[in-house]
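Q: Could you look at this predicted model? Sequence included:
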Amino acid sequence: MPKRVGHLYEKMCDKDQIRLAIRNGSKKKKHRRDVRRVLKDPEKYVDKVYNLLVTGTYTPTRPKVKHIHDKSCGKDRDITIVPFYPDGIMHQLIVMAMEPVIMRGMYRFSCASIPGRGNAWARKYVRRALDGDPRGTKYCAKLDIRHYYPSMDIDGLMGRLRHKIKDERFLRLVESVVRSNPLPGLGIGFYPNQWLANFNLEAVDTFILTLDGVKYYVRNMDDMVLMGPNKKKLHRAVKAIDKRLREQLGVHLKGDWQVFPVDARGVNFVGYRFFHSHTRLRAKPFLRFTRQCRKVGKALAAGRLPSFHAAAGILSRAGSLKHADCVQAKRRYFGGLDRHKIKNVARGRVPGEPFGNHRAV
């Protein structure tokens, strides 16, 4: 067993670390009132957080639970929300302290909620595997863990974390944050929970790589893609994975897992559908892109500007087409729009109008 790491709590009790946590945690959240309050006098809150850590008096705030509908996947989710001070800052400090420890044993192609390992990392891996080894990627197994976050065993998670970390003060802090969730399992919305959810599957990743018939494997949080040359071996691998998940983690795969020929259906993953010969954008994202193109096009034709949200969204979706074989589609739907105006709106450079205040389409 690798040597366990200690003195993580001491790293958190550093005012420079706290300043960095405030700076990192406030990114893309400066519209929030509680974040702006901290940024008005950051040194005051640096001292407050430092005192909470040194005296050990930090108690996690009971989070608010917000029910949302995630349009990207069509699922209803319960999101846990905490104030930026002290909880948001404390969450940042926890991740900054344990990130090097968790990264040390993490599977290279675990691609969710990890800096530098987003959808692009997963997309490149799948594309490279299909292009470089057509015979070795003849079949694909697509798996998903059922209700991964709500079903997680917190006792088992903390036990596995103790195999890596020996700082009991730090572990007590992490456990108090994790258990402050009023819902079962891990709370969706806590920053440390993204890292803990990936860490929890570390042993399963290692097990999958040893299975006969699994030649390529990539994971996007609880969404798994396995590829190999033999269909029967992939079927056996999926059953072995489900058994390991049940016995070791107390979770299980969704019943809709599938093993299929790649060229018959394509690998539906991270917003794309991958074939050996080409890559397509998934149907739903492509439909949203075409609808937004028509909406923005009508506004520009009427002499109006799109909203910041619409402009940023259409540029983002147009950018995703660069990585798919959709040249004609991009030319048809996006080619006739005034990109200069759309980019200026997204950059906040609309003459005579304040940033983000122009008329929405």
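A: Now that the structure is in, tell me what you want to look at. This structure is a prediction, so every number in the text was calculated from the model and none was measured.
Q: And the helices in the stretch 51-200 of the chain?
A: Taking DSSP state H, counting those that start in this stretch, the helices of the stretch 51-200 of the chain run over residues 89-103, 119-132, 148-151, 154-162, 168-178, 191-200.
Q: Point out the one among those helices that comes closest to residue 262.
A: Within these, the stretch nearest residue 262 is helix 119-132; the backing value is 7.0 Å (C-beta to C-beta). C-beta here means a position set from N, CA and C on the backbone, and glycine is covered the same way.
Q: List the buried residues of the closest one.
A: Within helix 119-132, the residues scored as buried using 16 or more other C-beta atoms under 10 Å are 119, 121-123, 125-126, 129-130.
Q: From the chain's centroid, how far away is it?
A: For helix 119-132, the separation from the chain centroid amounts to 18 Å (computed by C-alpha atoms, centre = their mean, to the nearest Å).
Q: Skipping its backbone neighbours, what lies nearest residue 212 in space?
A: Take residue 212 and drop its neighbours on the chain: the residue closest to it by C-beta to C-beta, 6 or more residues apart in numbering is residue 233, 5.6 Å away.
Q: ok, the one you found touching residue 226?
A: No. Residue 233 sits out of contact with residue 226 when judged by C-beta atoms under 8 Å, with a separation of 10.0 Å.
Q: Can you pull the residues that touch both of those two?
A: residue 214 (C-beta atoms under 8 Å, 6 or more residues apart in numbering).
Q: These two: who's more crowded?
A: When neighbours are counted by other C-beta atoms under 10 Å, residue 233 and residue 226 differ, and residue 226 comes out ahead with 25 against 19.
Q: mind checking which helix or strand that one is in?
A: Per DSSP states H and E: residue 226 is located in strand 223-228.
Q: any idea which residue sits dead centre in the protein?
A: The residue at the geometric middle of the chain, judged as the C-alpha nearest the mean C-alpha position with C-alpha atoms, centre = their mean, is residue 113 (3.6 Å).
Q: how close does that one get to residue 89?
A: 19 Å (C-beta to C-beta, to the nearest Å).
Q: And the residue lying closest to residue 69 once chain neighbours are set aside, how close does it get to residue 66?
A: Distances taken as C-beta to C-beta, 6+ apart put residue 76 closest to residue 69, at 5.5 Å, once the chain neighbours are dropped. Distance check for residue 76 against residue 66: by C-beta to C-beta, it reads 11 Å.
Q: So for these two, which sits in the more crowded spot?
A: residue 66 (11 against 8).
Q: Could you list everything that one pairs with in the sheet?
A: In this entry, residue 66 is beta-bridged to residue 79, by DSSP bridges.
Q: Residue 79 is in contact with that one, correct?
A: Yes. Between residue 66 and residue 79 there is a contact at 4.8 Å, judged by C-beta under 8 Å.
Q: just checking, what packs against the biggest helix by length in the chain?
A: When the chain is scanned for its longest helix (criterion: DSSP state H), the result is helix 283-301. Contact analysis of helix 283-301 by 3 or more C-beta pairs under 8 Å, 6 or more residues apart in numbering; DSSP states H and E lists helix 308-320, helix 327-333 as its packing neighbours.
Q: ok now that helix, how far from the chain's centre?
A: 26 Å.
Q: Show me the contact partners of it.
A: Taking C-beta under 8 Å, 6+ apart as the rule, helix 283-301 contacts 271, 280-281, 305-306, 310-311, 313-314, 317-318, 320-321, 326, 329, 333-334, 336-338, 341-342, 361.
Q: try 6 Å
A: Around helix 283-301, the neighbours that count as contacts under C-beta atoms under 6 Å, 6 or more residues apart in numbering are 271, 306, 310, 314, 317, 333-334, 337-338, 361.
Q: got it, and stretch 82-95?
A: For stretch 82-95, using C-beta under 6 Å, 6+ apart, the contacting residues are 12, 21-22, 24-25, 34-35, 38, 45, 49, 52, 61, 63, 191-192, 195.
Q: go again using 7 Å as the cut-off
A: Among residues not part of stretch 82-95, those counted as contacts by C-beta atoms under 7 Å, 6 or more residues apart in numbering are 12, 17-18, 21-22, 24-25, 32, 34-35, 38, 45, 49, 52, 58, 60-61, 63, 173-174, 177, 190-192, 195.
Q: Repeat that for stretch 181-200.
A: Contacts of stretch 181-200 from elsewhere in the structure, counted by C-beta under 7 Å, 6+ apart, are 62-63, 65, 77-81, 91-92, 94-95, 98-99, 102, 106, 110, 112-114, 148-152, 157, 160, 174, 177-178, 221, 249.
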